[in-house]
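Peer 1: build me a structure from this.
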Amino acid sequence: MKDITEIKTLIERFFEGETTLEEEQWLYDYFKQTKDLPGELETYREMFLGFDAIALDNLDNSPIDREEHENQLTTTNISISSKPPKYKVLWKQVAGIAAMLALIVGSIWVYWAYEDMKLQDMYGGSYMIVDGERIDNLREILPQIKQTLSLADAIETTSPTLFIDQAEKDLLDNIQDAQERERIRELLN
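Peer 2: Alright, predicted model coming up:
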């Protein structure tokens, strides 16, 4: 009886294709006959039982022994065409086109997400009320935000003192007493 590390090593060799037919048969028999497998080996049970069934089916259909069967497996001639079948070429082209489309769609989505993040950083919390309805969608209200900001820049750059002068004029025009108006004008200048 082999211990669990030897069995694991044998399974690894099996997956790498380095086992003999006798070692493979030992694995098949082990998984078929052992009722209480360790948890880490239990996952392999169904697979090895399936391989055992395939191996038995192949051997039962022909009256040759294991050695001859192994020789048959190693000496089977397979004709390989120099051209792959058309569906394989077509499938590769379709897969390539699908990959390119996925890349393009993914890139566009990432760009939009980046733009949304930039908008949130710059104008987060901005909104408009149109016909009594609040609009929070920054992409939708961005033109109005830019228009308002450009108007504010224009007002700021034309004459910063224009508004102050206008406010002073409005204040002085509303004072009825002429002496009081002159006194305040002197204070402001």
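
Peer 1: for stretch 123-130, buried residues please.
Peer 2: Neighbour counts over stretch 123-130 (16 or more other Cβ atoms under 10 Å) mark Ser126 as buried. Bear in mind the C-beta positions are built from the backbone N, C-alpha and C, glycine included.

Peer 1: walk me through the domains of the chain.
Peer 2: Following the assignment in automatic domain parsing, the chain carries domains at 4-75, 88-124.

Peer 1: which of those domains has the lowest mean pLDDT?
Peer 2: For the domains of the chain, the weakest mean pLDDT is recorded on domain 4-75, namely a mean of 76.

Peer 1: would you turn the domains of the chain into a markdown table with distance to Glu186?
Peer 2: Listed next are these as a markdown table, based on distance: least, Cβ to Cβ, whole Å:
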| stretch | distance to Glu186 |
| --- | --- |
| domain 4-75 | 97 |
| domain 88-124 | 45 |
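
Peer 1: tell me where the chain has strands.
Peer 2: 128-130, 133-135 (DSSP state E).

Peer 1: relative to Thr161, which of these is closest?
Peer 2: Smallest distance to Thr161 across the strands of the chain (Cβ to Cβ): 31.2 Å, for strand 128-130.

Peer 1: who touches the closest one?
Peer 2: For strand 128-130, contacts defined as Cβ atoms under 8 Å, 6 or more residues apart in numbering pick out Arg134, Ile135, Ile141, Gln144.

Peer 1: which residues does the residue lying closest to the first one once chain neighbours are set aside contact?
Peer 2: Excluding the flanking residues, the one nearest Arg134 by Cβ to Cβ, 6 or more residues apart in numbering is Tyr127, at 5.5 Å. Contacts here follow Cβ under 8 Å, 6+ apart; on that basis Tyr127 touches Arg134, Ile135, Asp136, Ile141.

Peer 1: let's see it at 10 Å
Peer 2: Arg134, Ile135, Asp136, Asn137, Leu138, Ile141, Ile145 (Cβ atoms under 10 Å, 6 or more residues apart in numbering).

Peer 1: measure Ala95 to Ile104 for me?
Peer 2: To Ile104, Ala95 is 15 Å away according to Cβ to Cβ, to the nearest Å.

Peer 1: likewise for Arg183?
Peer 2: For Arg183, the distance to Ile104 - Cβ to Cβ - is 74 Å.

Peer 1: equivalent analysis for Tyr111, please.
Peer 2: Distance from Tyr111 to Ile104, by Cβ to Cβ: 11 Å.

Peer 1: and what of Lys92?
Peer 2: Remark: distance between Lys92 and Ile104 (Cβ to Cβ) = 19 Å.

Peer 1: swap in Asp170?
Peer 2: Using Cβ to Cβ, Asp170 is found at 59 Å from Ile104.

Peer 1: do Leu90 as well
Peer 2: Distance from Leu90 to Ile104, by Cβ to Cβ: 21 Å.

Peer 1: quick one, helices of this structure?
Peer 2: Here the chain has its helices, by DSSP state H, at 4-15, 21-33, 39-42, 45-60, 66-75, 86-123, 138-158, 160-173, 178-188.

Peer 1: right, I'll leave it there.
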